[in-house]
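K.L.:
Sequence and predicted structure below; questions after.
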Amino acid sequence: MIPLEVKKDTVYRKRSLSEKTKDMISGYLYVSPFFVIFAIIGLYPALFSLFLAFQKWNGMGEMEFVGLANFKVILTDPLFWKSVYNTIVLGIMGTAPQLVVGLVLAFFLNLTYLRFKNFFRITIFMPYITSMVAVALVFSVFFSNNDTALVNYLIGLIGMDPVNWKTSEWGAKIAISTMVFWRWLGYNTIIFFAGMQSISNDLYEAAKIDGANKLQQLRYITIPMLKPFILLTVFFSTVGAMQLFTEPAVFLGNAAFSRDEALTVVMYLYRDAFRISSFGTASASAIILLIFIVGVSALNMMITQGYGRKRGRKG
Amino acid sequence: MSREVGTKKWGIGRLAIYLFLTVISFFSIFPFYWMFVMATSPSSAYNSIPPTIIPGDQLVANFKKVLEMIPFFQSMVNTLIVCLTVTIVVLFISSLAGFAFAKFKFPGKNILFFSILFTIVIPPQLGLIPQYLLVAKAGLLDHLFAAMILFFLNPLGIFLMRQYVNQSVPDELIEAAKLDGCSNFRIYRSVVLPIILPAFATLGIIVFTSVWGEFLWQFTVLRDPESYTIQVALASLNNTNKVDFGMLLSGVFWATVPLLIVFLIFNKLFISSIAEGSVK
């Protein structure tokens, strides 16, 4: 960095007040693009959704105020509850293993003696750069219903009967959570890895002197120190899981909105709005989704934090 | 000491770790390889037992079938236009706002900053319907601008840029430039911008890859195949009752290869950017 020469000139001191005002104007001006765009495509739509949730409207004719009727329709629709169930089950099956395996992988990648570290890092991260659509399409071929599909062939080798991956309750869920796992594992591993690298080596040295083995180090140093990173990934994975749309929608192709094995809340919402033009109920489910996401992430944070505290006390 | 995992040079613990990493690596790479195998095989290869795992000779033929189904190159160009425009706009908005949040004093600054962070929590689907109606009303359906507009909002970008300006642009430098009579925008352009270029690489990669993979919004506002981004075009390949898998995976393969090559060349920068963007 080249320090510019500072001219000690009193003339500039006199201007300091106007300089302050100028800075203020610049400040507001420079942050304004975000707020202007947000007002138009963020805040206004959110408020309009809230308004629409109380209207009956097919997108064309007159709106009609219906009070809480939309919410009643949604909350008494078994398909909605099925979509909630699917979203939660897919969320747990897709993200929990990913976080656990990601943690273990990051721990291994962080071992000092490990060779080919870079190779492992690159290959494990590679899935992240494929788009969700690409992943869903590749896995839709892996997991197609044919007896000759790769996965059916493989489970056939160990004596299992072929599964209808796209049309059975658990088949669809297993296939979709597998692709979520595949795409996000590397991403979480890299975040945990970055977190582990920020832990000072002194802590491990001290633990070694105290006679702690690697597993104890993982348990009493790595995991507690990683807590902020774990909270972060849990938060993002949970929010992401609640918004699952692309994977099931593309995986099932043109059957996506007519079957219920993998219908998620966002798909339910999308179907209401863009397949049956029921904008009121779709908006009501968007509001319910928001409450749902806030609730689940708060619950999740509480559980993770409580778990972390218990761990910390033991150590 | 013998209880430590993998201390012995070729002990069981160490071998198990290598084996585990190799298995995971294999699972990570295999779909890429298999995409290529299918992209080069006739569709009948799909029904063979045992499954085909060696590339065939239908590379060109399969891709020609893709071209019959979707305007592949047009979609790639559309995606590129969308991704580049969004990246440039986000870099500009974020660095300007990041600079202001880091270096200027103005009433309400903290409230404004935290309200930006709060927008991260709002699920994008909340406003989906009004956003769609807005775009439709403005006559922008099937326009690439519609495909971009939602992604101009990037709260994370402003956060990252503020951090970076705070850490790497000393106040003295800005004071000095002011004494030299630079306007604030001139300071942004000539003093701040050159210093924060590395952060542009980080944020640029994050924005570009995320917009590249975007689907739900594009799927909602782009209905004319000529306006499709590559993700929407690819998804439409799976929308017929009888899908030709060779053709399907040929499309996926060729749509994945460009970003894969860029990733393999700049893998260090890519990985550190994504990690930094999430961890900061």
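P.N.:
Yep, it's here.
K.L.:
Tell me the predicted confidence for whatever residue of the stretch 51-200 of chain B ends up closest to chain A.
P.N.:
In the stretch 51-200 of chain B, the residue that lies nearest chain A is B:Gly127 (2.9 Å; CB to the nearest CB). Where C-beta positions appear, they are placed from N, C-alpha and C, glycine not excepted. Listed pLDDT for B:Gly127 reads 89.
K.L.:
okay, now it: neighbour count?
P.N.:
By other CB atoms under 10 Å in any protein chain shown, 24 other residues sit near B:Gly127.
K.L.:
shouldn't it be in contact with A:Pro45?
P.N.:
Yes: counting by CB atoms under 8 Å, B:Gly127 touches A:Pro45, with 2.9 Å between them.
K.L.:
how about the nearest residue to B:Leu59 once chain neighbours are set aside, phi and psi?
P.N.:
Of all residues not flanking B:Leu59 in the chain, B:Thr40 sits nearest, at 4.6 Å (CB to CB, 6 or more residues apart in numbering or on different chains). B:Thr40 adopts backbone torsions of phi -110, psi 0, taken as degrees, to the nearest 10.
K.L.:
contacting residues around stretch B:216-226?
P.N.:
Outside stretch B:216-226, the residues that touch it by CB atoms under 8 Å, 6 or more residues apart in numbering or on different chains are A:245-246, A:266, A:270, A:274, B:70-71, B:74, B:124-125, B:128, B:131-132, B:135, B:140-142, B:146-147, B:150, B:228-229, B:231-233, B:235-236.
K.L.:
care to break the chain down by domain?
P.N.:
Picking chain A for this. According to automatic domain parsing, chain A is divided into the following domains: A:10-52, A:70-314.
K.L.:
You answered for a different chain; I wanted chain B.
P.N.:
With domains defined by automatic domain parsing, chain B comprises B:12-64, B:70-237.
K.L.:
Lowest average pLDDT across those domains?
P.N.:
Looking at these, the bottom one is domain B:12-64 with a mean of 89.
K.L.:
separation between B:Leu203 and B:Pro55?
P.N.:
To B:Pro55, B:Leu203 is 38 Å away according to CB to CB, to the nearest Å.
K.L.:
who's more crowded, the two?
P.N.:
Using other CB under 10 Å as the criterion, B:Leu203 and B:Pro55 rank with B:Leu203 on top: 27 against 14.
K.L.:
list the contacts for the residue nearest to the spatial centre of chain B?
P.N.:
For chain B, the residue nearest the mean C-alpha position is B:Thr209 (1.2 Å; CA atoms, centre = their mean). Residues in contact with B:Thr209 (CB under 8 Å, 6+ apart) are A:129, B:259, B:274.
K.L.:
Please identify which of those residues is nearest to B:Pro170.
P.N.:
Nearest to B:Pro170 among the contacts of B:Thr209: B:Ile274, at 28.3 Å, using CB to CB.
K.L.:
how much space between that closest one and A:Val135?
P.N.:
17 Å.
K.L.:
which of those two has more neighbours?
P.N.:
Set B:Ile274 next to A:Val135 and count neighbours by other CB under 10 Å: A:Val135 wins out with 26 against 23.
K.L.:
now for the helix or strand containing that one, which elements pack on it?
P.N.:
Using DSSP states H and E, the element containing A:Val135 is helix A:132-142. With contacts defined as 3 or more CB pairs under 8 Å, 6 or more residues apart in numbering or on different chains; DSSP states H and E, helix A:132-142 has these neighbours: helix A:150-157, helix A:169-197, helix A:246-252, helix B:12-39, helix B:230-237, helix B:245-265.
K.L.:
ok now the fifth one, how far from the chain's centre?
P.N.:
Which is helix B:230-237. In this view, helix B:230-237 has its centroid 17 Å away from the chain centroid, taken as CA atoms, centre = their mean, to the nearest Å.
K.L.:
B:Phe106 looks like it's in a strand, true?
P.N.:
No: the assignment for B:Phe106, made by DSSP: H, G, I helix; E, B strand; the rest coil, is coil rather than a strand.
K.L.:
which ones are touching it?
P.N.:
With contact set as CB under 8 Å, 6+ apart, B:Phe106 has these partners: A:23-24, A:27-28, B:100.
K.L.:
hmm, 6 Å instead?
P.N.:
Taking CB atoms under 6 Å, 6 or more residues apart in numbering or on different chains, we find B:Phe106 in contact with A:24, A:27-28.
K.L.:
Now for the residue of chain A found nearest chain B, how many residues are close by?
P.N.:
Nearest residue of chain A to chain B, counting by CB to the nearest CB: A:Pro45, 2.9 Å away. Using other CB under 10 Å, A:Pro45 has 23 other residues around it.
K.L.:
In chain A, what residue spans correspond to strands?
P.N.:
Along chain A, the stretches classed as strands by DSSP state E are A:55-56, A:64-65.
K.L.:
State the mean pLDDT of the last one.
P.N.:
pLDDT averaged over strand A:64-65 equals 92, rounded to a whole number.
K.L.:
Give the other helices and strands that the helix or strand hosting B:Leu96 contacts.
P.N.:
Under the criterion of DSSP H and E, B:Leu96 resides in helix B:72-103. The contact analysis (3 or more CB pairs under 6 Å, 6 or more residues apart in numbering or on different chains; DSSP states H and E) places helix B:72-103 against helix A:16-38, helix B:144-149, helix B:155-168, helix B:197-212, helix B:230-237.
K.L.:
downstream neighbour of it in the secondary structure list?
P.N.:
Downstream of helix B:72-103, the first helix or strand assigned by DSSP H and E is helix B:109-118.
K.L.:
what separates that following helix from the chain centre, distance-wise?
P.N.:
Helix B:109-118 sits 25 Å away from the centroid of its parent chain (CA atoms, centre = their mean).
K.L.:
ditto for stretch B:185-203
P.N.:
21 Å.
K.L.:
Which residues are in contact with residue 192?
P.N.:
Using chain A here. Counting by CB under 6 Å, 6+ apart, A:Phe192 touches A:102-103, A:106, A:229.
K.L.:
Not quite, go with chain B.
P.N.:
B:Val192 makes contact with B:99, B:169 under the criterion CB under 6 Å, 6+ apart.
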